[in-house]
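sequence and predicted structure are below.
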Amino acid sequence: MSKSKNSQGEDKKNAPTIQNRRALHDFQVIKKIEAGIELKGSEVKSCREGKVQLVDSFAIMEKGELFLHKAHISEYKQSGPHFNHLPTRKRKLLLHRAELRKLEQELKVASTTLVPLKIYFSKGNVKVEIALAKGKNKGDKREALKKKEETRALAQAKKQAQRE
């Protein structure tokens, strides 16, 4: 019996992708970076179940290291309370030293922040896609919504024309 596999060669059932749609609405993405994340066993199991929330989470450079704050990874129900983790603890993000230095310079130059966009599995490892982003103001958000509505209307009109 064959199982359905994604592009990385692992089961689709065991590899959910958790996205932070709110970040794309609130921030203008300048650059995307893939980073590993240091997790405990119960956190990995919760990630496999898709019990992760990235809303209001952010990444900060502390003493030359990168940490993810306020990412909520629910406790794993099957393990006892003494084996579980704190849901919103800060978690270390794993990048090469050169990448960390370059990122630190980019954060100093512009008024930008680091926001996690998604958490996913790659070859059995949990990865976080973080973005160097700049905050949007209300006008920018409204423009983005208008563009989205226009493209949706065009697509619907095109589909309607093809049906006729």
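Great, that's in hand.

can you tell me the SS state at the residue nearest to Gly64 when sequence neighbours are not counted?
Excluding its sequence neighbours, the residue lying closest to Gly64 (CB to CB, 6 or more residues apart in numbering) is Leu100, at 6.5 Å. C-betas here are computed from N, CA, C, even on glycine. What DSSP: H, G, I helix; E, B strand; the rest coil gives for Leu100 is helix.

pairing partners for the nearest residue to Leu95 once chain neighbours are set aside in the sheet, please.
Using CB to CB, 6+ apart and skipping residues adjacent in sequence, the residue nearest Leu95 is Ala35, 5.1 Å away. Counting by DSSP bridges, Ala35 is bridged to Val128.

spit out the contact partners of Ala35.
Ala35 makes contact with Leu66, Leu93, Leu94, Leu95, Lys127, Val128, Glu129, Ile130 under the criterion CB atoms under 8 Å, 6 or more residues apart in numbering.

report the buried residues of the strand or helix carrying Lys31.
Assigned by DSSP states H and E, Lys31 belongs to strand 27-37. Residues Phe27, Ile33, Ala35, Ile37 are the ones in strand 27-37 that count as buried (16 or more other CB atoms under 10 Å).

quick one, phi psi at the closest residue to the first one other than its chain neighbours?
What that stands for is Phe27. Spatially, and ignoring its direct neighbours in sequence, Phe27 is nearest to Ala133 (3.7 Å; CB to CB, 6+ apart). Main-chain dihedrals, Ala133, degrees, to the nearest 10: phi -140, psi 160.

so what's the residue count around Ala133?
Ala133: 21 surrounding residues under other CB atoms under 10 Å.
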